[in-house]
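> any chance you can model this:
(one chain, ligands or ions: 2)
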Amino acid sequence: MTLINNDITAASSLLSQGHLVAIPTETVYGMGANAFNSEAVKSIFAVKNRPFYDPLIIHTSSADRIAEWGMEIPEQLLALTKRFWPGPLTVLINKSERVSDIVTAGLPRVAVRIPNHPLTLSMLVQCDFPVAAPSANPFGYVSPTSAEHVKKHFDGKISMILNGGPCSVGIESTIVGVEQGKVVVYRLGGISVEDIEKEVGKVLVQTSSSKPDAPGMLIKHYSPAKRVLAVDTQIELNAHINATSAFIVFNFEVNDVASKNIIRLSSSENHAEAAQAFYSALRHWDDDASIQNIIVQRMPDFGLGRAINDRLSRAIA
Ligand code: TXA
Ligand code: MG
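Ligands and ions are numbered 1, 2, ... in the order given. Now for the predicted structure:
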């Protein structure tokens, strides 16, 4: 049986005993395990059907703890962690021996994040170990932004889902690291490149790689079972109007379609609001048996729109 509630003491003690607990964060729900316990970490890969070459992010409640565990944040990233933690920023830092090699897929660096979710932050304070947590979806599928999304695939398969309500950011963290003294963005996410550059100046964005040893991302990912199509113009969208298509739009019009088949990501054309609603919209149409195609308007390519477009491209790949 999978417990679903907001009991942080139950969650931290299950984690310390090596069990799997799904945890809410502001970005997406994570599939958590004690990162110092190899067997527990292995079970994350098993339950998600995730290949061992895809490394995990570890989560904790404070930068002091990271230092206590013998890991140091590179100087070039300190302005970012100071500004954006707790928050949707993940940094790659040299790993300490205590972190299981399974977490990092054998890589020398480990991905670390302090999430900005009140329930999970208080839970992490109770954990004297980092919590490894990839998104709590079956490998390759759309990430979960609510406890219900996690329940759909993992009910009965994990010990607990800590229910912290819907995720406020709705898209994964931005991953950064340092190469040859320069800040590199490996995954676009909840903090825009523009906001990162305000802190550290021009950065290198290096996100499209199918090489598993290259941090960042697999080309095909975040993918619903239904056919997803991206449209760049109103005319293109109009060409796809039919009874078995559903629409996810930002500011395009959808005429002659039942309103129940349209999701508008943000009525005020706000990128953050659109990011928050995006995965949930994909899952909604994927679960609707009357729909065959999901037609998605590509976002204006800046701010969080750029991260949404990245996920959209991978959902289609
Ligand atoms: O917002 C998030 O980051 C969410 C929440 C739960 O924190 N987590 C998340 O984890 O998105 P996941 O497993 O779905 O994505 C982790 C990705 C890996 O696929 C890889 O691209 C990158 O982080 N990564 C992790 N460790 C790495 C490492 N040592 N070197 C390079 N890339 C790494
Ligand atoms: Mg994921």
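> just the terminal-to-terminal distance for stretch 149-162.
Start-to-end span of stretch 149-162 (C-alpha to C-alpha, to the nearest Å) is 12 Å.
> need the contact list for the residue nearest to the spatial centre of the chain.
The centre of the chain sits closest to residue 172, judged by C-alpha atoms, centre = their mean, with a distance of 2.7 Å. With C-beta atoms under 8 Å, 6 or more residues apart in numbering as the criterion, the residues that contact residue 172 are 27, 28, 88, 135, 143, 187, 189, 190. (Glycine included, C-beta is placed from N, CA and C.)
> name the SS class of it, please.
coil (DSSP: H, G, I helix; E, B strand; the rest coil).
> cool, residue 137 as well?
Assignment for residue 137 (three-state DSSP): coil.
> correct me, but it touches residue 153?
Yes: the criterion here is C-beta atoms under 8 Å, and residue 137 meets it with residue 153 at 6.7 Å.
> what residues does the stretch 1-150 of the chain put near ligand 1?
25, 27-28, 30, 54-57, 88, 90, 92, 104, 107, 109-111, 113, 115, 133-135 (C-beta under 6 Å from any ligand atom).
> what subset of those is buried?
25, 27-28, 30, 55-57, 88, 90, 92, 104, 107, 109-111, 113, 115, 133-135 (16 or more other C-beta atoms under 10 Å).
> what's the helix or strand for the residue lying closest to residue 135 once chain neighbours are set aside?
Nearest residue to residue 135, sequence neighbours excluded (C-beta to C-beta, 6 or more residues apart in numbering): residue 143, at 4.2 Å. Under DSSP states H and E, no helix or strand contains residue 143.
> check what pLDDT residue 143 gets.
Residue 143 is assigned 97 on the pLDDT scale.
> that one contacts residue 222, correct?
Yes: between residue 143 and residue 222 a contact is recorded at 6.5 Å, counting by C-beta under 8 Å.
> quick check: neighbours shared by these two?
Common neighbours of residue 143 and residue 222 (C-beta under 8 Å, 6+ apart) are residue 279.
> show me what contacts the residue of the chain most remote from its centre?
In the chain, counting by C-alpha atoms, centre = their mean, residue 256 sits farthest out from the average C-alpha position, at 34.5 Å. Taking C-beta under 8 Å, 6+ apart, we find residue 256 in contact with residue 241.
> any idea how far it lies from residue 230?
Separation of residue 256 from residue 230 (C-beta to C-beta, to the nearest Å): 21 Å.
> residue of the stretch 51-200 of the chain nearest ligand 1, please.
Using C-beta to the nearest ligand atom, the single residue of the stretch 51-200 of the chain nearest to ligand 1 is residue 134, 2.7 Å away.
> need the contact list for that residue.
30, 31, 44, 48, 50, 54, 56, 57.
> try it again at 6 Å.
31, 56 (C-beta atoms under 6 Å, 6 or more residues apart in numbering).
> separation between it and residue 143?
Residue 134 sits 9 Å away from residue 143, going by C-beta to C-beta.
> with residue 309 instead?
From residue 309 to residue 143 the distance is 16 Å (C-beta to C-beta).
> neighbour-wise, which of the two wins?
residue 143 (25 against 18; other C-beta atoms under 10 Å).
> touching, that one and residue 28? I think so.
Yes: with contact defined as C-beta atoms under 6 Å, residue 143 counts as touching residue 28 (4.1 Å).
> pull up the overlap in contacts between those two.
With C-beta under 6 Å, 6+ apart, residue 143 and residue 28 have common neighbours residue 135.
> still on that earlier bit, which of the residues of the stretch 1-150 of the chain next to ligand 1 fall in strands?
30, 57, 90, 92, 109, 110, 111, 113 (DSSP state E).
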